[in-house]
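Undergrad: Below are the sequence and a predicted model; questions follow.
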Amino acid sequence: MIKNIAYFPLQCAKNSKPVMSAVLDCLQARGIQTQENSLTSDAAVIWSVLWAGRMAANQAVYEHYRSQGRPVIIIEIGALYRGDTWKIAVNNITADGYYGNHVNLDWDRPRKLKISLATQFNSQPNIIVALQHDRSLQVSGLNMSDWLHSTLQILRNSTDRPVTVRPHPRCRLAFDNLPVGVTIETPNRVPNTYDSFDMHYDCHALVNYNSGPGIQAAIAGVRPVVAPSSLAYPVGMSFGEIERPYTRDRDTWLVQVCHTEYTLDELRRGTWISRLAPALETNT
């Protein structure tokens, strides 16, 4: 287990202070020394893997620690209850990260978080393609514009349904030469929130590479078509299955995904740290 951990207070989102404080309080209570702006600690904790704005400098921190085989704890806004639950993992926040969410499960956790699976009926006929920010570690090595165009081509070969492209609200991409039947939906900010945008799942299917909308779609009973690095991949469907009924068994998956995010109180109490402990070694 690590003995000390670096944190970088100026490289966090403006809404991060209570969340980061809860994590640091928990680490200190476990006897782990926290070191501000250190590049020589056993591990680091950073806010988000979106290398933009205040968090742009976190990329150098992440690459420095990972190049030396030292773990990086990542805190990110949650997909279950945006702004109320917070994702926390080691080395990535996709399925490539470590959550410890497959052992010693609390099978009652979805009920405690007031999350239940839905079955969708009489949805709108369209398919939503939910894009991601192209400066995120989640899509490292992927050109989002190229991915969109190849995805639209695959969809056109799989179905004649109308397609709605949903851009990431803070990432500007050019939408040139879109196929017939493809429209753009502009996200609208939800009033009285820090950075939440309206998102609906009243659609036939949702295509997403590996971010929150794929998880939300699966919970809502909407066919998620996602990459293997998505946390929704175990209950996802392929392009070739997009016209089939969505009948995946999602019960175990829901319990597991509910162990990837925590409330502020749980972060402070340390519900998460014992799950991450196996990955918090300097030779990770």
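TA: Cool, got the structure. Residues are numbered from 1 along each chain as shown.

Undergrad: so what's Ser16 up against?
TA: By Cβ atoms under 8 Å, 6 or more residues apart in numbering, the residues touching Ser16 are 47, 75. Just so you know, the C-beta spots here come from the backbone N, C-alpha and C atoms, and that holds for glycine as well.

Undergrad: Would you list the phi and psi of it?
TA: phi -90, psi -20 (degrees, to the nearest 10).

Undergrad: mind checking how far the residue lying farthest from the centre of the chain is from Pro162?
TA: Most distant from the centre of the chain: Val180, at 30.7 Å, with distances by Cα atoms, centre = their mean. Distance of Val180 to Pro162, given as Cβ to Cβ, to the nearest Å: 10 Å.

Undergrad: now the strands for the stretch 101-250 of the chain?
TA: For the stretch 101-250 of the chain, the strands defined by DSSP state E, counting those that start in this stretch occupy 127-130, 163-166, 182-184, 205-208, 223-225.

Undergrad: Distance from the first one to the middle of the chain?
TA: When you say that, I think you mean strand 127-130. Centroid separation for strand 127-130 versus its chain: 17 Å, with Cα atoms, centre = their mean, to the nearest Å.

Undergrad: Report all helices and strands that it contacts.
TA: Contacts defined by 3 or more Cβ pairs under 8 Å, 6 or more residues apart in numbering; DSSP states H and E place strand 127-130 against helix 144-158, strand 163-166, strand 205-208, helix 212-220.

Undergrad: can you rerun that using 10 Å?
TA: Contacts defined by 3 or more Cβ pairs under 10 Å, 6 or more residues apart in numbering; DSSP states H and E place strand 127-130 against helix 144-158, strand 163-166, strand 205-208, helix 212-220, strand 223-225.

Undergrad: and Gly69, which of the strands of the stretch 101-250 of the chain is closest to it?
TA: strand 205-208 (31.1 Å; Cβ to Cβ).

Undergrad: List just the one of the helices and strands packed on strand 127-130 that sits closest to Ala6.
TA: Counting by Cβ to Cβ, Ala6 lies closest to helix 212-220 out of these; the figure is 26.9 Å.

Undergrad: which non-adjacent residue is nearest Ser196?
TA: Nearest residue to Ser196, sequence neighbours excluded (Cβ to Cβ, 6 or more residues apart in numbering): Val190, at 4.3 Å.

Undergrad: Can you check the pLDDT for the closest residue to Tyr246 other than its chain neighbours?
TA: Spatial nearest neighbour of Tyr246, chain neighbours left out: Arg223 (4.7 Å); criterion: Cβ to Cβ, 6+ apart. pLDDT, Arg223: 97.

Undergrad: which residues touch Arg223?
TA: For Arg223, the contacting residues are 120, 123, 127, 203-207, 217, 235-238, 241-246, 248, by Cβ atoms under 10 Å, 6 or more residues apart in numbering.

Undergrad: Just send the helices and strands packed on strand 127-130 back as CSV, with distance to Ser196 too.
TA: What follows is those, written out as CSV (distance: least, Cβ to Cβ, whole Å):
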stretch, distance to Ser196
helix 144-158, 21
strand 163-166, 14
strand 205-208, 17
helix 212-220, 11
strand 223-225, 20
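
Undergrad: Tell me which of these lies nearest to Lys87.
TA: Using Cβ to Cβ, the nearest of the helices and strands packed on strand 127-130 to Lys87 is helix 212-220, at 8.8 Å.

Undergrad: which other helices and strands contact the closest one?
TA: Using 3+ Cβ pairs under 10 Å, 6+ apart: helix 212-220 touches strand 127-130, strand 205-208, strand 223-225, helix 251-257.

Undergrad: picking that back up, who touches the residue nearest to Ser196 in this structure?
TA: Shown in contact with Val190 (Cβ under 10 Å, 6+ apart): 82-83, 196-199.

Undergrad: From Gly83, how far out is it?
TA: The gap separating Val190 from Gly83 is 10 Å, by Cβ to Cβ.

Undergrad: and if you look at Leu131?
TA: 21 Å.

Undergrad: Domain map for the protein?
TA: For the chain, automatic domain parsing gives the domain ranges 4-102+261-279, 127-249.

Undergrad: Start and end of the longest one, how far apart?
TA: Taking Cα to Cα, to the nearest Å, domain 127-249 runs 22 Å from one end to the other.
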